[in-house]
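Novice: sequence-free structure coming up:
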């Protein structure tokens with residue numbers, strides 16, 4: 001199944017829709033589950049009904065259909081989960097961490113190879129896939145981070161990676177927005193960061209793992225998505241790293257890590273961290289990583305951080321060249337007067 005949420009003027013969490021495989025048509029299923037959060041909380045009792053509607057959408061349905069592609073381009077599609085009960089971000093790709101450390105003249109601590117990095121971010125709002133990335137200053141060092149994420153059902157405290165696999169309800173793409181020039185000052189305080197992160201954007205649809213077949217739990221490991229994450233910055237190709245390659249910790253590992261000392265609630269979103277490959281010919285999924293490589297190899301960073309008017313595009317395609325989640329396309333704008341911000 002592929003889920004999307006359409007914006008609504010009086011409903012903060014939008015209206016839940018099911019979308020067809022081609023991301024061309026969608027049907028309103030809010031009579032079954034008014035929101036995605038509701039569906040997640042009642043998954044056991046509602047999954048069969050939703051699956052029946054999804055199959056009918058492909059084969060013929062009596063429900064009114066909308067042109068989902070047109071709604072998406074018109075900016076009427078919200079994040080599938082417009083606000084999360086919790087947003088946790090890991091750092092599963094140590095090639096990304098290694099490059100950051102190398103630029104500092106440091107090495108990756110041994111503990112990083114068996115104990116995942118993770119921080120807790122703000123999950124109270126997620127940008128839609130065509131929303132503007134509104135920022136108050138270009139001087140903050142605006143950056144994208146292309147990631148894969150999972151949205152889960154309830155997970156008990158102490159659950160193993162094998163146990164949490166059954167609790168993964170949906171897979172999404174994420175643009176985890178970072179303000180690179182604010183992060184060092186916050187980290188220097190020794191208490192994590194808040195201002196160094198902006199609102200995240202999610203892909204147009206969230207996809208159930210069964211839609212991903214062997215690319216999800218195939219030979220490269222369970223809980224790893226064996227497709228390339230295609231990123232464009234300023235309308236130019238920026239990278240297409242494979243999201244399964246060089247992934248030290250699977251998304252199942254990250255969920256289990258988050259549940260080590262507490263249960264996790266349905267509606268929790270957990271990200272993979274910036275997708276990164278050791279093979280630098282695959283490019284990058286964030287500007288900071290490219291700048292660090294340039295700093296080491298060229299003596300100075302050349303790639304600029306994002307400026308007002310710049311665009312970001314993050315997508316993923318199956319082996320037939322079809323988009324799986326739909327593209328995240330965000331434009332960086334000055335916050336004054338954008339998205340209701342004044």
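Specialist: Noted; the coordinates are in hand. Because the structure is a prediction, the values reported are computed rather than measured.

Novice: Contact partners for residue 233?
Specialist: 144, 287, 306, 310, 311, 312, 313 (C-beta atoms under 8 Å, 6 or more residues apart in numbering). For the C-beta atoms, the positions are set from N, CA and C on the backbone; glycine is no exception.

Novice: With residue 215 instead?
Specialist: For residue 215, counting by C-beta under 8 Å, 6+ apart, the contacting residues are 225, 226, 227, 244, 318.

Novice: Greatest separation within these: which pair is it?
Specialist: Spanning the widest gap among the contacts of residue 215 are 244 and 318, at 13.7 Å by C-beta to C-beta.

Novice: how much space is there between the spatially closest residue to residue 239 that is not a sequence neighbour and residue 231?
Specialist: Spatial nearest neighbour of residue 239, chain neighbours left out: residue 283 (2.6 Å); criterion: C-beta to C-beta, 6 or more residues apart in numbering. Using C-beta to C-beta, to the nearest Å, residue 283 is found at 7 Å from residue 231.

Novice: Identify the contacts common to those two.
Specialist: Residues touching both residue 283 and residue 231 (C-beta under 8 Å, 6+ apart) are 237, 238, 239, 240.

Novice: Next, the spatially closest residue to residue 20 that is not a sequence neighbour: phi, psi?
Specialist: Distance criterion C-beta to C-beta, 6+ apart; nearest residue to residue 20, sequence neighbours excluded, is residue 57 at 5.3 Å. Main-chain dihedrals, residue 57, degrees, to the nearest 10: phi -60, psi -40.

Novice: Residue 22 is in contact with residue 57, correct?
Specialist: No - contact between residue 57 and residue 22 fails when scored by C-beta atoms under 8 Å: they sit 10.7 Å apart.

Novice: Who has more neighbours out of those two?
Specialist: More neighbours surround residue 57 than the other of residue 57 and residue 22, with 22 against 12 (other C-beta atoms under 10 Å).

Novice: so who does the residue nearest to residue 20 touch?
Specialist: 18, 19, 20, 25, 26, 27, 63, 65.

Novice: 7 Å instead, please
Specialist: Contact partners of residue 57, counting by C-beta atoms under 7 Å, 6 or more residues apart in numbering, are 18, 20, 25, 27.

Novice: Please convert those residues to a markdown table, extending it with neighbour count.
Specialist: A markdown table is the format used below for those (neighbours: other C-beta atoms under 10 Å):
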| residue | neighbour count |
| --- | --- |
| 18 | 27 |
| 20 | 16 |
| 25 | 18 |
| 27 | 21 |
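
Novice: Distance to residue 215 and secondary structure for those - can I get that in TSV?
Specialist: Below are the contacts of residue 57 laid out as TSV (distance: C-beta to C-beta, whole Å; DSSP: H, G, I helix; E, B strand; the rest coil):
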residue	distance to residue 215	secondary structure
18	21	strand
20	19	coil
25	24	strand
27	26	strand
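
Novice: closest to residue 296 among the residues you listed?
Specialist: So of the contacts of residue 57, ranked by how close each gets to residue 296 (C-beta to C-beta), first place is residue 20, at 45.9 Å.

Novice: Show the pLDDT at the closest one.
Specialist: If you check residue 20, the pLDDT there is 97.

Novice: so it makes contact with residue 59?
Specialist: No - Residue 20 is not in contact with residue 59 according to C-beta atoms under 7 Å; the separation is 10.3 Å.

Novice: could you say what helices and strands the helix or strand bottoming out on mean pLDDT in the chain packs with?
Specialist: Sorting the helices and strands of the chain by mean pLDDT, DSSP states H and E puts helix 94-103 at the bottom, at a mean of 74. Here helix 94-103 touches helix 287-298, going by 3 or more C-beta pairs under 7 Å, 6 or more residues apart in numbering; DSSP states H and E.

Novice: Now do the helix it packs on, average pLDDT.
Specialist: Average pLDDT, helix 287-298: 91.

Novice: got a list of contacts for the helix or strand just after that helix?
Specialist: As assigned by DSSP states H and E, the chain's next helix or strand after helix 287-298 is strand 311-316. When contacts are defined by C-beta under 7 Å, 6+ apart, strand 311-316 is touched by residues 144, 146, 173, 175, 227-235, 323-325, 327-331.

Novice: Please narrow those to those residing in helices.
Specialist: Using DSSP state H, the subset of the contacts of strand 311-316 located in helices is empty.

Novice: from the residues you listed, which would you call buried?
Specialist: The neighbour count (16 or more other C-beta atoms under 10 Å) marks 144, 146, 173, 175, 227-233, 323-325, 327-331 as buried among these.

Novice: So which of those sit within strands?
Specialist: 146, 173, 175, 229, 230, 231, 232, 233, 328, 329, 330, 331 (DSSP state E).

Novice: a markdown table please, covering those residues and showing pLDDT.
Specialist: A markdown table is the format used below for these (pLDDT from 0 to 100):
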| residue | pLDDT |
| --- | --- |
| 146 | 98 |
| 173 | 98 |
| 175 | 98 |
| 229 | 98 |
| 230 | 98 |
| 231 | 98 |
| 232 | 98 |
| 233 | 98 |
| 328 | 98 |
| 329 | 98 |
| 330 | 98 |
| 331 | 98 |
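
Novice: Would you show me how to pick out the buried ones of the contacts of residue 233 in PyMOL?
Specialist: Buried residues among these (16+ other C-beta under 10 Å), as a PyMOL selection:
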select buried, resi 144+287+306+310+312+313
